[in-house]
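>>> Model the following, please.
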Amino acid sequence: MKRSTFICRTSAAFVIFFLILGICICPSYAKMSKHVYVKAQFLSLEEVDQNDGKTLEESGALIGIGYKLIPEQRSSSFSGDGELYYGVVAYEGQSQGGVAFKDKNKYSGINLDGNFNVFLCNLASDEQSLMAVGGLGIDSWIRSINLIRKEYGYREIWTNFYGRAGLGLYLMKDVYISGGVKVPFWTSKHIGDFDLSLNPRGKTGVFLETTILMKYISLFLFYESNRFEGINKDSQKSDQYYGWYPETKGRNIGFSLRSRF
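So this is what the prediction gives:
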């Protein structure tokens with residue numbers, strides 16, 4: 001896939017997502033609890049070869065800012081959020097000759113998602129409600145590799161279109177917990193320096209989120225896992241380069257502070 005085609009497809013996905021989200025959310029917008037937030041998360045990522053040997057490990061903090069809509073407690077409603085994030089993480093890898101080295105990688109990206117929350121029932125009281133949660137999201141980021149060893153550096157552009165499904169629970173009026181599975185539908189990794197595009201197949205991950213609402217601010221705690229299958233080097237190639245990608249296991253854990261209005 002040429003870079004221009006990749007950019008067009010990614011842009012089209014963003015436009016379609018925004019249209020669907022806007023059409024669905026606008027009628028219910030006035031009833032929703034709205035938040036702007038600052039988020040800190042810890043990223044841990046491993047790449048594993050075919051022999052289950054670790055070839056790369058990344059870890060470090062990412063900072064994000066965003067806007068979020070919280071679902072209604074006693075009725076079905078839409079919710080969603082949009083976020084920009086950035087961070088530089090530690091990178092431990094090895095060269096093609098098997099020599100270990102350390103470096104730093106940079107992440108900058110945008111994440112958008114929308115969810116439909118179906119009210120199922122009240123539990124022990126009117127302040128406790130159970131919901132079914134389902135939605136779609138798109139995550140797109142630039143991964144700049146080898147910031148120190150710049151002669152070996154290059155950039156990857158990732159786009160991950162995914163769905164989420166699970167359950168949500170208002171444990172009490174101001175405490176909302178949700179969890180379930182995250183299923184990647186389509187993932188693209190584009191390396192512009194080599195005019196090479198790969199499509200790692202995503203595996204089902206999990207998410208767990210807790211929102212604690214207070215008078216003017218709220219606290220959000222979360223955990224999320226992501227996995228992608230490896231790609232054989234002979235399966236995809238450009239005119240000059242073969243594409244290879246190992247199995248990847250990633251985890252994000254963190255929190256955000258939000259201002260209600």
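
>>> Strands of this protein, residue ranges please.
Assigned by DSSP state E, the chain shows strands spanning 33-48, 54-70, 77-94, 100-122, 129-145, 154-172, 175-191, 196-198, 202-203, 205-213, 217-228, 231-237, 242-245, 247-260.

>>> mind putting those in a markdown table, mean pLDDT and mean neighbour count included?
Placement of C-beta: from N, CA and C, glycine included. Shown next, in a markdown table, are the strands of the chain (pLDDT from 0 to 100; neighbours: other CB atoms under 10 Å):
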| stretch | mean pLDDT | mean neighbour count |
| --- | --- | --- |
| strand 33-48 | 86 | 17 |
| strand 54-70 | 87 | 17 |
| strand 77-94 | 88 | 18 |
| strand 100-122 | 89 | 17 |
| strand 129-145 | 92 | 18 |
| strand 154-172 | 92 | 18 |
| strand 175-191 | 91 | 18 |
| strand 196-198 | 80 | 20 |
| strand 202-203 | 86 | 18 |
| strand 205-213 | 92 | 18 |
| strand 217-228 | 90 | 18 |
| strand 231-237 | 51 | 13 |
| strand 242-245 | 52 | 17 |
| strand 247-260 | 87 | 17 |
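
>>> How far does stretch 197-214 sit from its chain's centre?
Averaging C-alpha positions (CA atoms, centre = their mean, to the nearest Å) puts stretch 197-214 6 Å from its chain's average.

>>> gap between the two ends of that stretch?
The first and final residues of stretch 197-214 sit 45 Å from each other (CA to CA, to the nearest Å).

>>> Next, the contact list for the closest residue to S225 other than its chain neighbours, please.
Closest residue to S225 apart from its sequence neighbours, by CB to CB, 6 or more residues apart in numbering: G205 at 4.2 Å. For G205, the contact set (CB atoms under 8 Å, 6 or more residues apart in numbering) comprises 181-184, 224-227.

>>> so N105 bridges to which residues?
Note on N105: beta-bridge partners V89, judged by DSSP bridges.

>>> That one touches E58, doesn't it?
Yes: if you go by CB atoms under 8 Å, N105 and E58 touch, sitting 6.1 Å apart.

>>> Find the residues that touch each one of the two.
The contact sets of N105 and E58 overlap at 89, 91 (CB under 8 Å, 6+ apart).

>>> Now do the contacts for E209.
Contacts for E209 (CB under 8 Å, 6+ apart) come out as 177-179, 220-223.

>>> a markdown table for those, including distance to L45?
As requested, the contacts of E209 are exported to a markdown table (distance: CB to CB, whole Å):
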| residue | distance to L45 |
| --- | --- |
| I177 | 26 |
| S178 | 24 |
| G179 | 22 |
| F220 | 22 |
| L221 | 20 |
| F222 | 17 |
| Y223 | 15 |
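
>>> Which pair in the residues you listed has the greatest spatial separation?
Greatest spacing in those, by CB to CB: G179 and F220 (13.6 Å).

>>> what's the nearest residue to M214 if we skip its chain neighbours?
Once flanking residues are discounted, M214 sits nearest to D174: 7.0 Å by CB to CB, 6+ apart.

>>> give me every residue that touches the one you found.
Contacts of D174 by CB under 8 Å, 6+ apart are 212-214.

>>> Closest one to S77 out of those residues, please.
Closest to S77, out of all of the contacts of D174 and judged by CB to CB, is L213, at 15.2 Å.

>>> so how far is G153 from the closest residue to that closest one other than its chain neighbours?
In this structure, L213 finds its nearest non-sequential neighbour in D174, 3.9 Å apart by CB to CB, 6+ apart. Counting by CB to CB, to the nearest Å, the gap from D174 to G153 is 47 Å.
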